[in-house]
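1. After the sequence you'll find the predicted model.
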Amino acid sequence: MGFMVLPIAMFIAAFMALGIDKSFYAPLRARGAKPVTLLIASIGVTLMIQGLIRLFFGVKSRTFFANEPKEIYRIDMSFFGATRPITITEPQILMIIVTIIAVVALHFFLTKSKFGKAMRAMADNADLAQVSGINTKLVIRVTWVIAGSLAAMAGTMLALDVTLKPNLAFNIILPIFAAAIVGGLGHAWGAIAGGFLVGFAETMAVFNWAVLLRPFREGLPSWIPNDLSIVPTEYKLTVAFVILVIVLLVRPTGIFKGASS
Amino acid sequence: MSLAVKKALLLYGALFILIIGVGIVMGAPFGVRLMVEALAYSLIALGLNIQWGYGGLFNFGIMGFLMIGGFAVTFVSVPVNMEFWNSDGPFMLLKVIIAAGIGAMFIIGANKLPKIGIKGKAQKIVQIMAWIGAYILYRSQIDPAAEYIEKTSTFVGGLGLPVLLGWVFGGVLAAIIAYIIGKICLGLRTDYLAIATIGVSEIIRALIKNMDWLTRGTLTVSPIPWPVPKPQDFQLMGVDTLQSFVFARASFLIIVLIVVLLALFLIQRAYNGAWGRMMRAIRDNHIAAGSMGKNVKSRQLEIFIFGSVLIGIGGAILTSFAQIFDPGGYQPINHTFVIWVMVIVGGAGNNFGALFGGVFIYIVWVLSEPVSQALFINISEISTNIGWSAIPDIESRSLQMRVFVLGLVITLALRYAPRGLIPETFHQDKDEEITANKS
């Protein structure tokens, strides 16, 4: 059900993004404010939106699957010698498909279309872009429309998978930052790779590797502990930040050498 | 008296009237409590003002330093836990320290390898091996020790020393951590430094929250002693309840006020001296400052440490005033972003601006809840009178207004007073002014 209203949500979010830009960011840009100022302003806008949502809709978490069951598929993997099936839910499948479509579409938009090229030219040098006849105001508006609708899409998909609550975004914004920087900013596919890397690293780090030794348990010396996870489970979220800090220090442009603008 | 000074005095006067008004409306105990916390926050804002206003360092990890300060004062001032000292715990911790020391020697040794001719890839591999070896060695000792301490004595307890010593220790510990972070991260560009400090503060939060053997984690430690008699002590002396709260909090307020004024005096002296001039030069153009022979990186490290000391002390004051150390209660919005709002609204680069912003924004932040509650009740009455339904859950809704008001204040400030209410003043020589007017 939640998926059906996605286009409407995207439309509303795009419209709101335009309004927010007009009222908060456009005056700052016109004054020539530094990126740092815009960053702080954006946090302020986040807080305002979050406050309004909490004010009008409350803080409780909601789910799209209150009235209908969540489809769960189990793919039998015993063919490959695995003992457990892969479990995947309906929203997760939807999420994967929608992500692939969105990424491919965005990639072709940025590299092939006139607007996409203009957008990248503006990111590189706004003044030069304006002088060469690009309608910068229109490009900014298009950027906001795309950003707003993509954000609505991501939020809807995430809320379909887990539950919907006002601080949904705030809890994952830092791991997202980590993923984008690890992948390399300004690199279209880097963000996805970074996301996978951070996600896998988190899971691997708290995985109890002693499980792999279980079949040979009798033959092993007894001093090997039963818990061989790299970090204790409580530190799962910390792994992303450790990776982030290491990447920033060793390779600040990200593992794929993104454009460091 | 220049126009800027007049405006600042006017703003401080208005702030004073606001404080008196809040004290009258909400009651004296609340007013004094508000002032203690607001002053502690303004000390933290002064610390950030050193880092951002003087040095241009984008520290977004204030929460981590506040937690370090809070932990430090807890560790120093909470009574000694005899159960721990009588058990095997101290011996096991000694083993942990020895293991950590050996691990550190591995790493230092691996870093010094080029001296004996091992370079390039080979050294990298040995370095990584040393880190892994050190980590395994440390984990092999800390895991059983932590489990043992948590089982036998819940946590290591404190040292039972005076609270003021705890505040000092908060500053010292924050300085040590700031040195390590600064050494690693200060080479990064502004925006990357911001993200790195966010990451580090999240790591600190995870550590303090989960090292139950040291900090008691989410079980929280309380009560934490005060440097002055608590309300209960005044009540024992025969003072009535309301008065006792005012007396105890007022004496706490005096101590905090002394700390803040001392810090303000010292950094104001430094700001107007050669050191402050050099720092501003580095902030405005670090390449030019570097070519004039200033060691930019070590100066930035210096300023990062100085700012962190004030932030650590502020965190220690907040924790000891609250009488409880709750690592689960630290949130990036409440403990990092609100400080940024204070400095930006007050005026980055001006100590009096940061002080004003600290007190003012804290009052706004705290009062936005009762004020919006009163507002909602009034609107609710009107809407019921004209036949609409009343506003439901007014109490929980008005609590959410804090976040909204904070966002509104910062966006308005950035738009209409981008340099703050009491902005940085630029001292110019007469000649410069003349040339500036000519051009």
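-> Thanks, I have the structure now. Just so we're clear, the structure is a prediction, and the values are computed from it rather than from any experiment.

2. Please give the element, helix or strand, for A:Tyr73.
-> Using DSSP states H and E, A:Tyr73 maps to strand A:72-75.

3. Just the closest residue of the stretch 1-150 of chain A to chain B, please.
-> Residue nearest to chain B within the stretch 1-150 of chain A: A:Gly51 (2.7 Å; Cβ to the nearest Cβ). Bear in mind the C-beta positions are built from the backbone N, C-alpha and C, glycine included.

4. Contacts only, for residue 53.
-> Because you didn't say which chain, this covers chain A. A:Pro166 (Cβ atoms under 8 Å, 6 or more residues apart in numbering or on different chains).

5. actually chain B
-> B:Val343, B:Ala348, B:Gly349, B:Asn350, B:Ala354, B:Glu424 are the contacts of B:Gly53 under Cβ under 8 Å, 6+ apart.

6. List just the nearest of those to A:Phe115.
-> B:Ala348 (37.6 Å; Cβ to Cβ).

7. if we can go back for a sec, quick check: which element contains the residue of the stretch 1-150 of chain A closest to chain B?
-> Going by DSSP H and E, A:Gly51 is part of helix A:35-57.

8. Could you pull up the mean pLDDT of that helix?
-> For helix A:35-57, the mean pLDDT works out to 85.

9. what are the pairing partners of the strand holding A:Tyr73, and which direction each?
-> strand A:86-89 (antiparallel) (DSSP bridges).

10. which other residues reach the helix or strand that comes right after the partner strand?
-> Following strand A:86-89 in sequence order, the next helix or strand is helix A:90-112 (DSSP H and E). Helix A:90-112 is contacted from outside by A:3, A:70-73, A:115-117, A:119-120, A:146, A:150, A:153, A:157, A:160-161, A:188-189, A:192, using Cβ under 8 Å, 6+ apart.

11. Narrow those to those in strands?
-> A:Ile72, A:Tyr73 (DSSP state E).

12. Show the buried residues in the contacts of helix A:90-112.
-> Among the contacts of helix A:90-112, those classed as buried by 16 or more other Cβ atoms under 10 Å in any protein chain shown are A:Phe115, A:Gly116, A:Met119, A:Ile146, A:Leu150, A:Met153, A:Met157, A:Leu160, A:Ile192.

13. Leaving out sequence neighbours, find the closest residue to the fifth one.
-> Meaning A:Leu150. Nearest non-adjacent residue to A:Leu150, counting by Cβ to Cβ, 6 or more residues apart in numbering or on different chains: A:Ala102, 6.6 Å away.

14. Now do the same for that neighbour: its pLDDT.
-> 88.

15. before we move on, what about B:Lys430?
-> B:Lys430 is given a pLDDT of 44.

16. and if you look at A:Val139?
-> On the pLDDT scale, A:Val139 gets 90.

17. which ones are touching it?
-> For A:Val139, the contacting residues are A:Phe115, A:Ala118, A:Met119, A:Met122, A:Ala129, by Cβ under 8 Å, 6+ apart.

18. model confidence over the helix or strand hosting B:Asp233, on average?
-> Using DSSP H and E, B:Asp233 falls within helix B:231-236. Average pLDDT, helix B:231-236: 85.

19. what element comes up after it heading to the C-terminus?
-> Following helix B:231-236 in sequence, per DSSP H and E, is helix B:241-272.

20. Pull out the buried residues from that following helix.
-> Buried residues in helix B:241-272 (16+ other Cβ under 10 Å): B:244-249, B:251-253, B:255-256, B:259-260, B:263-264, B:267, B:270-271.

21. Give me the packing partners of that helix, helices and strands only.
-> Using 3 or more Cβ pairs under 8 Å, 6 or more residues apart in numbering or on different chains; DSSP states H and E, the elements in contact with helix B:241-272 are helix B:28-48, helix B:231-236, helix B:296-322, helix B:351-385.

22. out of those helices, nearest to chain A?
-> helix B:351-385 (8.9 Å).

23. Quick check: mean pLDDT of that closest one?
-> Here the average pLDDT along helix B:351-385 is 89.
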